[in-house]
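**Student:** Please work out how this folds:
(chains A and B)
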2 protein chains.
Amino acid sequence: MPEKRMGKRSWAFDSGVRVLGCAAVSGPKEGEGQLKDVLDHVYPDLYAGEDTWEKAEKKMMEDAVSIAVEKAGLQTDQVDLFLAGDLLNQNITASFTARTHSIPYIGMFGACSASMLTLATGTVLVESGFCDTVVTAVSSHNATAERQYRYPTEYGGQKPDSAQWTVTGAGAGVLGKGQAGPVIRYATIGKVVDMGLKNPFDMGSAMAPAAAETIQTHFEDTGLKPDDYDLIVTGDLAKVGHPIAADLLKEKGYTLGERFQDCGLMIFTPEQEAFSGGSGCASSAIVTYGRIIDDMLQGTLERVMVVATGALMNPVSYQQGESIPCIAHAVTLEGRGNV
Amino acid sequence: MPEKRMGKRSWAFDSGVRVLGCAAVSGPKEGEGQLKDVLDHVYPDLYAGEDTWEKAEKKMMEDAVSIAVEKAGLQTDQVDLFLAGDLLNQNITASFTARTHSIPYIGMFGACSASMLTLATGTVLVESGFCDTVVTAVSSHNATAERQYRYPTEYGGQKPDSAQWTVTGAGAGVLGKGQAGPVIRYATIGKVVDMGLKNPFDMGSAMAPAAAETIQTHFEDTGLKPDDYDLIVTGDLAKVGHPIAADLLKEKGYTLGERFQDCGLMIFTPEQEAFSGGSGCASSAIVTYGRIIDDMLQGTLERVMVVATGALMNPVSYQQGESIPCIAHAVTLEGRGNV
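**Tutor:** Modelled structure (predicted):
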């Protein structure tokens, strides 16, 4: 049996766990951006037909799960486990979605890194035979996040350019050992990195060192090199944080060049006002489950590493003077997936 | 290779994953109760030497981890993964503890069910070879939970008798394939059960159906019977909820009798005012990692099922008129563990 653990923090998967189906849904602003043609559904407003923003976010995660399961050719009652997380207090979006779909449920928390945390953990469960089929999902919503972390959007609070725009949307993936879909090859689990930064309007700078550290650890653990990937993409470092991560990696001897991108810069067009770029669980999720997997199925991308970044603070820890603990979890996907 | 999945939602472990060490720490009130003689550390007040309650809760989880790792004969840098959760917004206790101990970290959320969620998931990771050693931890703190979910305790808000007392403390366990310690045999993952109850001052009644449903599923999935266990213990149903769970199981043909207990009723003495009984992640954690594993090592308990219950709402979902989605995750432990 080949080694499942590699180095300090990486897991190798060799049984052919695939993304059998996936879905990305979004709010209207995201629907007018760079992902316009690859989103499975775009809601006309932030309410998505519900009477509160929180219920709208839940509706988006519910729909993403339904669409992903349908695209995998399954029914929700054929799914063994639902692994999900979001940004709202007590993970309510994920928990209420678990209620709607009535799938056995494990809640996960990694802030915006939850997209790859659920994908890595779900792959372990399928690879090891404890589950046949796992659905992963994450979400974020601009208005629920603003209200919870900062101020209700109606206040019209001003922000500096280093702030980011929380992406409204949800992404879901169906994992199993099927016949088609990209194969999940490696995961590198993050460690908390905290450089002492405290500015909640500059999360990109706070998270960049965690992203760089996980990418470096991935290369050290697996023996792979930047050239082995067509695309290495961070979750939501945006304009300010992404160059910092590139510089930190260069200092360690890893020059990633043009293949190094950021999901937060792949959602909105330059004309759309979004401060430094997109953030939130949905940032990496709608890019991965919308754009990247689509490109892999088309054959234009072959080997991809998604490094989802998360800032693990809350408003109370910030008010108590704590700096921002950050983390990044990486998952790598391979191949067009036809066997 | 024996089947890892049993029935709908149960996992069977046969590689001898053990609790190599564990620790339970608590606040002063818990330290004067029924667990007095088995707690690893009792703090003299709710601040535990820190300047805020949130930092005190973090200190408790940090200490529980340190003590558990030491009791397992290890150092924290020998641990592969930290799986932890708590009740605070954005899991800050777990995340900041991960920063302190610098162990690769996966955050989990299951409200008070996080104790068994982390134990079940940690066992999968060790059993399947992705990790050699995993540390699990959960915590709760009366004053941080009251402030966050209800009102700051200084307001002196009144509560009905059906309310519960959030336990102050933390529990941690070290999982690995060592030579001694109880063996983890089965886990049964919960499904959201929501009977439409909305009263946040009667969580026991809301969670009881989820506990009963998971226990019933465990028996159906594994073919085991109530007689196969010396103790079947729920996490925090307390005086109001626990008899409801017993009645629901009786209706389904499972009479559990005296072996059916509740952790929320095993912490405080009848003389201590604690409303209906204890609640919070620390309720099932300090009973399991303090009392139960101690009794198993002494040989007075042989086969135990811990069914940790969780209410997956938050104050916003409650204010928006939502009922309380509940879940229960079960883990079974076996044997004195000496090989």
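
**Student:** what's next to stretch A:244-264, contact-wise?
**Tutor:** Identification of contacts with stretch A:244-264 by C-beta atoms under 8 Å, 6 or more residues apart in numbering or on different chains yields A:164, A:167, A:204-205, A:208-209, A:211-212, A:215-216, A:219, A:226, A:229-238, A:241-242, A:276-279, A:283-284, A:287-288, A:306. (Each C-beta comes from the backbone N, C-alpha and C, glycine too.)

**Student:** Mind giving me the PyMOL command for buried ones among the residues you listed?
**Tutor:** If you want just the buried ones from the contacts of stretch A:244-264 in PyMOL, going by 16 or more other C-beta atoms under 10 Å in any protein chain shown, the selection is:
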select buried, chain A and resi 164+167+204+205+208+209+211+212+215+216+219+226+229+231+232+233+234+235+236+237+238+241+242+276+277+278+279+283+284+287+288+306
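
**Student:** show me where pLDDT drops low in chain A?
**Tutor:** Residue ranges of chain A with pLDDT under 70: A:1-2, A:336-339.

**Student:** quick one, domains of it?
**Tutor:** Listed by automatic domain parsing, the domain ranges of chain A are A:16-177, A:183-334.

**Student:** Would you format these as JSON lines with distance to B:Asn142 included?
**Tutor:** What follows is those, written out as JSON lines (distance: least, C-beta to C-beta, whole Å):
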{"stretch": "domain A:16-177", "distance to B:Asn142": "17"}
{"stretch": "domain A:183-334", "distance to B:Asn142": "16"}
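
**Student:** Which one, of the ones you listed, ends up nearest to B:Gly85?
**Tutor:** Closest to B:Gly85 of the domains of chain A, according to C-beta to C-beta: domain A:16-177, at 7.0 Å.

**Student:** hmm, the closest one touching chain B?
**Tutor:** Yes: counting by C-beta under 8 Å from any C-beta of the partner chain, chain B has neighbours in domain A:16-177: A:52, A:54-55, A:80-81, A:85, A:87-92, A:94-96, A:98-99, A:102-111, A:117, A:121, A:124-125, A:127-132, A:148.

**Student:** Please list the members of the contacts of stretch A:244-264 that lie in strands.
**Tutor:** Using DSSP state E, the subset of the contacts of stretch A:244-264 located in strands is A:Leu231, A:Ile232, A:Val233, A:Thr234, A:Gly278, A:Ser279, A:Val306.

**Student:** Which of the three states applies to the residue nearest to the third one when sequence neighbours are not counted?
**Tutor:** In other words, A:Val233. Excluding its sequence neighbours, the residue lying closest to A:Val233 (C-beta to C-beta, 6 or more residues apart in numbering or on different chains) is A:Gln261, at 4.7 Å. Per DSSP: H, G, I helix; E, B strand; the rest coil, the secondary structure class of A:Gln261 is strand.

**Student:** what number of residues lie near A:Gln261?
**Tutor:** 16 (other C-beta atoms under 10 Å in any protein chain shown).

**Student:** Then A:Gln34?
**Tutor:** Look at A:Gln34: counted by other C-beta under 10 Å, it has 17 neighbours.

**Student:** Could you pull up phi and psi at it?
**Tutor:** phi -70, psi -20 (degrees, to the nearest 10).
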